[in-house]
Each structure stands twice: as structure tokens, then as C-alpha cells.
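Asker: Any chance you can model this:
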Amino acid sequence: LLTALCRKQWTPQRYQKKLQKLSDAISKVGVLQTGKLPAIIGVAEVENKKVLEDLIEQPKLVKGDYGIIHYNSPDERGIDVALLYRKKLFTVESSSPIAVDVTMPNDEPDRTRDILYVKGFLSGMPLHLYVNHWPSRRDGAQSTNEKRVTVAKQLMSHVNNVDPHNDRTNQEKHLLEGTNIIVMGDFNDDPENDSIRNEILPYGFQNVTAPLKKFHRGSLNHNFKWNLFDQIMVSDSL
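Answerer: Numbers count the residues shown, from 1 in each chain. Below you'll find the model as predicted:
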């Protein structure tokens, strides 16, 4: 760890600057529409709970009185997902990590981030939340595509248990009306890719972030091409 810190040249000053920049960006999300801090924030690339505690104590976020839901996952890089929520607006009923198996046939066991599932009430409205960080494209988009499709199927298997009336074999492919579900995170896929287009959207979800992807805009840029890996999908009831 010390070697990694030296290689990245992290210092207490750089760490504080990072916290300040993150808190500044988060504090501006939706402020023009609501004038308030976000009620729910899904986060990825989390090193540990301490960094989240430091983040929510920043001057621009501390007034939000955020709670934290975080579990350590078996990811080989040691990064997790988590949920930040304003305790006055969102009441947690239960939470759990969903273990994900992306080991391909004839391959070595492959560890990745758990999916975080949280059930609660947003201003009294029942809500199911899933925070994701799917396998990366580090070894190539096509060669890793099946892994993300596999995660999507495991996610939807859990959704079926949340909504026992939903039958994914039904040709209508719909969720029970009134079941409020938000699926968010870093999917390492674009809205038009198989894992999103074929495995989630047909079963009663709308990708509310898809219109943000343009030729000159996205959530990351790789080799001079914009992608929208960071997405939010909501059930039709929302």
C-alpha cells in the first residue's frame, strides 16, 4: 500500500483537494432544479468506508446529514460500491451485498465487485436500489462482453425475487406495476450494448440517462471516443 501511495504521489494535501472537488461536484447535482442536495447517491471505486466518512463531512455536504451503506467486496483491486443517503429523506429497511460470479467456462475464478442492494422508503415511498460496478473492458470490449451480460442476468434474477409476480419468461416482459426500482452505477457498457439493451430495459425499465450520450458528450472519453458507462435506470412505475 505504501508503495502504491508513493507511486501515485498521494499526500494529505492532495487527498483533501480530491475530497473538496468531489463534494463540490456532488453539491451541484440537481441544484438548479431543486435547490437541495441529492437525496441518494450511488458511488463506485470506493477504497474503504473511511473515505466516505471524510467525504460526507466536507463543508458542502455536511448539512445533508448523509448516512452510509458500504460492504467490503472480493474485488481483486479492493474497490467497492456504496450508497450515500440523506437520513431525513430516505429510511433504510434492509441492505445486503449481492455476490457476482463472472467465471467463464474453462477459466480461472474471476472476482468482481458485489452489487449493493438497499430497500427502504424515500419520503414514505417504497424503493428498491441497486448500485453496480460491472466488469471492466480492460481485456477488450468484445472479449469481456459476456461477463457483463452475466452480471445483468444475475441482477435481474434478484429483481425477480423483489417482485415475485414478475415472470421473465413472459413475452410481455414487464415488472409488476407499482414496484419502484432504481438500478444505477458504472456498467462499463453503453446504453446500446447487450447487457443493458437486452437484459434490463425489456423488463420494465427506462434508461433516464441514455439521452446524455452524444458524439461530443458522455461520462468518459477513451481514445477520443465518448462513452456513457455511468447510468441510471428506473422501473416504469417511476
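Asker: For the residue most central in space within the chain, which residues are in contact?
Answerer: With distances taken as Cα atoms, centre = their mean, the residue of the chain nearest its centroid is residue 185 (2.1 Å). Counting by Cβ atoms under 8 Å, 6 or more residues apart in numbering, residue 185 touches 42, 44, 81, 130, 131, 132, 133, 134, 230, 231. C-betas here are computed from N, CA, C, even on glycine.
Asker: Who does the first one form a beta bridge with?
Answerer: Each beta-bridge partner of residue 42 is listed here: residue 83, as defined by DSSP bridges.
Asker: so it touches residue 70, yeah?
Answerer: No - with contact defined as Cβ atoms under 8 Å, residue 42 does not count as touching residue 70 (11.5 Å).
Asker: Can you check which residues contact both of those two?
Answerer: 82, 83, 116.
Asker: In PyMOL, how would I select the buried members of those residues?
Answerer: A single PyMOL command selects the buried members of the shared contacts of residue 42 and residue 70 (16 or more other Cβ atoms under 10 Å):
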select buried, resi 82+83+116
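Asker: possible to save the shared contacts of residue 42 and residue 70 as a markdown table with distance to residue 207?
Answerer: Formatted as a markdown table, the shared contacts of residue 42 and residue 70 follow (distance: Cβ to Cβ, whole Å):
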| residue | distance to residue 207 |
| --- | --- |
| 82 | 22 |
| 83 | 20 |
| 116 | 20 |
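Asker: what's the next secondary structure element after the lengthiest helix in the chain?
Answerer: Secondary structure of the chain per DSSP state H: the longest helix is helix 145-162. Per DSSP states H and E, helix 145-162 leads on to strand 181-186 as the next helix or strand towards the C-terminus.
Asker: can you pull out the helices in this protein?
Answerer: Taking DSSP H to define them, one finds helices in the chain at 2-8, 12-27, 31-34, 49-56, 145-162, 194-197.
Asker: Give me the below-cutoff pLDDT ranges for the chain.
Answerer: Applying pLDDT under 70 to the chain flags the ranges 1-7, 139, 163-177.
Asker: Could you pull up the contacting residues of residue 122?
Answerer: 39, 40, 89, 90.
Asker: let's see 6 Å
Answerer: By Cβ atoms under 6 Å, 6 or more residues apart in numbering, the contact set of residue 122 is residue 90.
Asker: Could you tell me the angle between the longest helix of the chain and strand 181-186?
Answerer: Counting by axes from the mean of the first three to the mean of the last three Cα atoms, to 10 degrees, helix 145-162 points 150 degrees away from the direction of strand 181-186.
Asker: Would you mark the buried spots in stretch 93-101?
Answerer: 97, 98, 100.
Asker: Could you list everything the first one pairs with in the sheet?
Answerer: When you say that, I think you mean residue 97. residue 116.
Asker: Test my guess that it contacts residue 114.
Answerer: Yes - judged on Cβ atoms under 6 Å, residue 97 makes contact with residue 114 at a distance of 3.8 Å.
Asker: Would you check how far apart residue 86 and residue 123 are?
Answerer: According to Cβ to Cβ, to the nearest Å, residue 86 stands 10 Å off from residue 123.
Asker: out of those two, which sits in the more crowded spot?
Answerer: In this view residue 86 and residue 123 are compared by other Cβ atoms under 10 Å, and residue 86 has more residues nearby, 20 against 10.
Asker: follow-up on the earlier one: pipe the buried residues of stretch 93-101 into JSON lines and attach distance to residue 204 per row.
Answerer: Formatted as JSON lines, these follow (distance: Cβ to Cβ, whole Å):
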{"residue": "97", "distance to residue 204": "24"}
{"residue": "98", "distance to residue 204": "19"}
{"residue": "100", "distance to residue 204": "22"}
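Asker: Could you list every helix and strand in contact with the longest helix of the chain?
Answerer: helix 194-197 (3 or more Cβ pairs under 6 Å, 6 or more residues apart in numbering; DSSP states H and E).
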